[in-house]
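Visitor: what follows is a predicted structure for the sequence shown.
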Amino acid sequence: MKMIWAVVRWDRVDGIVQSLKAAGVSGCTVSRCRGYGKEWHPYEPAIHGGHERLEIVVEDEQADTVIDKIIRQAKTSLVGDGLIGVLNLERIIEIKNHIPRPS
């Protein structure tokens with residue numbers, strides 16, 4: 001399994017999420033983030049709204065499709081379009097169905 005994280009412009013999130021849903025991705029976590037890259041301005045969120053971080057867990061074979069969907073929706077060809085990272089996941093545990101080991 002893979003976890004794909006992406007930092008994208010806030011106004012691109014809805015399009016990305018709709019594109020991922022259409023591709024069969026069953027879940028995505030979205031959170032506000034702040035940071036800096038090559039360019040930083042202390043009032044960056046006030047200037048163009050800031051960035052959001054998306055985290056998506058998918059099967060290995062879905063990873064390239066998800067990356068492509070994110071790029072197609074997020075790209076403006078301007079500075080600050082964002083980043084995508086891909087991590088290998090050892091395992092996923094669904095808390096509601098987990099049976100704890102005896103102590």
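Guide: Happy to help now that I have it. Numbering: from 1, shown residues only.

Visitor: show me what contacts the residue nearest to Ile16 when sequence neighbours are not counted?
Guide: The shortest distance from Ile16 to any non-neighbouring residue, by C-beta to C-beta, 6 or more residues apart in numbering, is to Gln73 (4.3 Å). No exception for glycine: its C-beta is placed from N, CA and C like everyone else's. Gln73 makes contact with Arg12, Gly15, Ile16, Ser19, according to C-beta atoms under 8 Å, 6 or more residues apart in numbering.

Visitor: out of these, which are buried?
Guide: Arg12, Ile16, Ser19 (16 or more other C-beta atoms under 10 Å).

Visitor: ok, the last one touching Ala74?
Guide: No. Contact criterion C-beta atoms under 8 Å: Ser19 and Ala74 do not qualify, at 9.8 Å.

Visitor: mind jotting down where the helices sit in the protein?
Guide: Per DSSP state H, the chain carries helices over the ranges 13-22, 44-48, 63-74.

Visitor: just give me the lowest mean pLDDT stretch among those.
Guide: Per-stretch mean pLDDT for the helices of the chain is lowest at helix 44-48 (a mean of 60).

Visitor: burial count for Asn88?
Guide: 9 (other C-beta atoms under 10 Å).

Visitor: can you pull up the bridge partners for the residue lying closest to it once chain neighbours are set aside?
Guide: The shortest distance from Asn88 to any non-neighbouring residue, by C-beta to C-beta, 6+ apart, is to Lys2 (6.4 Å). Assessed by DSSP bridges, Lys2 has beta-bridge partners Val58, Asn88.

Visitor: wait, Lys2 touches Asp64, no?
Guide: No. With contact defined as C-beta under 8 Å, Lys2 does not count as touching Asp64 (9.7 Å).
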